[in-house]
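In: sequence below, structure please.
(chains A and B)
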Number of protein chains: 2
Amino acid sequence: MTPTNYKLTIQYDGTRYDGWQRQGNTDNTIQGKLESVLSRMAGQRVEVQGAGRTDAGVHALGQVASVRLPQPLTPQEVLSYANRYLPEDIAVVAAEAAHPRFHARLSARGKCYRYQLHLGPVPDVFSRRYHYRLPGPLDLQAMRQAAALLTGTHDFRSFCSNKRYKKSTVRTIRSITVEAQGPALTLTYQGDGFLYNMVRILTGTLIEVGQGQREARSMPQILAALDRTAAGHTAPAQGLSLVEVYY
Amino acid sequence: MTPTNYKLTIQYDGTRYDGWQRQGNTDNTIQGKLESVLSRMAGQRVEVQGAGRTDAGVHALGQVASVRLPQPLTPQEVLSYANRYLPEDIAVVAAEAAHPRFHARLSARGKCYRYQLHLGPVPDVFSRRYHYRLPGPLDLQAMRQAAALLTGTHDFRSFCSNKRYKKSTVRTIRSITVEAQGPALTLTYQGDGFLYNMVRILTGTLIEVGQGQREARSMPQILAALDRTAAGHTAPAQGLSLVEVYY
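Out: Model prediction:
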């Protein structure tokens, strides 16, 4: 019997996990938890492919995964079983039958990430796990100018933590928006793909622009340097969420 | 020197606390945490009076507390000090100098509580600590009819867990609203005061009406019974938040 291929949309609070990607024996990853539950359901070892390998502490509202299961289960059966046995900080929010050649990562055409900041002296108790708190006000106009200079197709090697560049580091950012709502500031990134730590380094750099430590017009020089040390710091994982994957 | 009286507005995630009210030696309460931090600031033991003695696991968006401090600190100094030393799931969101006779509980003229439900098969990962999850759909029209019959001035003894009625159990509920937004259902209660567990028992009863286990028109009989066993179950603490205290 041909195995059935499924597309799963997944939410998680990444706070207590070592990121998406399965690790060796001491596994505490989202992929590992999903594979463990779905393997039990399938009665054999199955592999789950995720669209984005989110870092430790990063969250997801719409991570997408693909998985082949030997039994012809309905998507609703897969969703119900998974949610019954997954820990409460991971949930399958949608399941559908997919084309046999659908692969969550290789078929993806783009992604949307969001980075949440909380500004000001009064902490927010209820969203504390999902934002990065900064004391001061930020110059939003300067941040938007810098964001515009980073948008488009560039070699983003300066914004990548990985030191081995076997593949191209050219990516296209379709948009970066900077939206304030009270003390909350949300940076939203849409693009065809993102390098390792790229969204967090872009965010750290834009924060430094907002704090007046860098000039917005210096962005082209940072890109041209092709050197990680030219860009800003890596913003903490907890503010980052994978919002959506485009196919 | 006359001590200064302060009015503090406080948020907390009640998940890991044994409620508001200070307990003996093994204290793990919101009041205990606040008193510990403010006593350290004052250099002597101070008492914090809360408007509502929320149960273990209940949250607050706008709990109000009063405290007398021996030093003439500015409200901003009190707020900054408290937020520097409080755990991350408790925050002072506003501080102001109050009239010497202001007492958070005795001066309160009313309160607003909110109870959050999450309906449907797909769990919500990010608000999981702040709602009570129920599988099925609920008959909102029946719940609103029942809510209307509970609004007004009544003896709410049937909706009180405390078996000793030294004081009056008559209260006035000014409004109960039932609002759906996608899978989220919010019940909002405004009134002059609420008995022990009253909002949770009202909610448990309204849930049973929504599930068709009770008729909306049976509310007057429940009130007339003046007996806890006539009403529905006590809904779990995690869905409840103290939203605002009126003075």
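In: okay, now A:Ala225: neighbour count?
Out: A:Ala225 is flanked by 13 other residues according to other C-beta atoms under 10 Å in any protein chain shown. For glycine as for every other residue, the C-beta is placed from the backbone atoms N, C-alpha and C.
In: state the pLDDT value of it.
Out: At A:Ala225, the predicted lDDT confidence score is 97.
In: the one 3 residues further on too?
Out: Looking at A:Arg228, its pLDDT stands at 96.
In: what is the rounded mean pLDDT of stretch A:239-247?
Out: 98.
In: now swap in stretch A:160-167 and tell me
Out: Averaged over stretch A:160-167, pLDDT sits at 80.
In: give the buried residues for it.
Out: With burial defined by 16 or more other C-beta atoms under 10 Å in any protein chain shown, the residues of stretch A:160-167 counted as buried are A:Cys160.
In: can I get stretch A:234-247 as CSV, trimmed to CA atoms?
Out: Extracted C-alpha coordinates of stretch A:234-247, given in CSV (Å, rounded to 0.1, in the frame of the first residue of the first chain):
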residue,chain,number,x,y,z
THR,A,234,21.6,38.5,17.6
ALA,A,235,18.3,39.4,19.3
PRO,A,236,17.2,36.8,21.9
ALA,A,237,15.2,33.8,20.6
GLN,A,238,12.1,34.4,22.8
GLY,A,239,10.8,37.3,20.7
LEU,A,240,10.8,35.3,17.5
SER,A,241,7.9,33.4,16.0
LEU,A,242,7.6,31.6,12.7
VAL,A,243,4.2,32.9,11.5
GLU,A,244,3.5,31.3,8.2
VAL,A,245,5.1,29.2,5.4
TYR,A,246,4.1,29.9,1.8
TYR,A,247,3.8,27.2,-0.9
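In: is it anywhere near chain B?
Out: No. Figure legend: stretch A:234-247 not in contact with chain B (C-beta under 8 Å from any C-beta of the partner chain); closest approach 9.2 Å.
In: now do that stretch: distance to the chain's middle.
Out: 3 Å (C-alpha atoms, centre = their mean, to the nearest Å).
In: and the contacts of that stretch?
Out: By C-beta atoms under 8 Å, 6 or more residues apart in numbering or on different chains, the list of residues contacting stretch A:234-247 from outside reads A:14-15, A:51-52, A:54-64, A:104, A:107-117, A:129-132, A:161, A:188, A:197, A:199-201, A:203-204, A:207.
In: let's see it at 6 Å
Out: A:51-52, A:54-55, A:57-64, A:107-116, A:131-132, A:197, A:200-201, A:203-204 (C-beta atoms under 6 Å, 6 or more residues apart in numbering or on different chains).
In: which among the residues you listed end up buried?
Out: Buried among the contacts of stretch A:234-247 (16+ other C-beta under 10 Å): A:51-52, A:54-55, A:57-64, A:107-108, A:111-116, A:131-132, A:197, A:200-201, A:203-204.
In: give the contact list for A:His59.
Out: Residues near A:His59 by C-beta under 6 Å, 6+ apart: A:13-14, A:241.
In: among the buried ones among the contacts of stretch A:234-247, which ones are in helices?
Out: A:200-201, A:203-204 (DSSP state H).
In: closest to B:Leu226 out of these?
Out: A:Thr203 (59.2 Å; C-beta to C-beta).
In: what sits closest to the closest one if chain neighbours are left out?
Out: A:Ala235 (4.0 Å; C-beta to C-beta, 6 or more residues apart in numbering or on different chains).
In: got the buried residues for whatever helix or strand A:Arg40 lives in?
Out: Using DSSP states H and E, A:Arg40 falls within helix A:30-42. Neighbour-count burial for helix A:30-42 flags A:30-39, A:41-42 (criterion: 16+ other C-beta under 10 Å).
In: quick revisit: just the closest of the contacts of A:His59 to chain B, please.
Out: A:Asp13 (5.3 Å; C-beta to the nearest C-beta).
In: please give me every residue in contact with the closest one.
Out: Counting by C-beta under 6 Å, 6+ apart, A:Asp13 touches A:59, A:89, B:125.
In: returning to what we had before: and the two most separated of the ones in helices among the buried ones among the contacts of stretch A:234-247?
Out: So, these by C-beta to C-beta: farthest apart are A:Ile201 and A:Thr203, at 7.2 Å.
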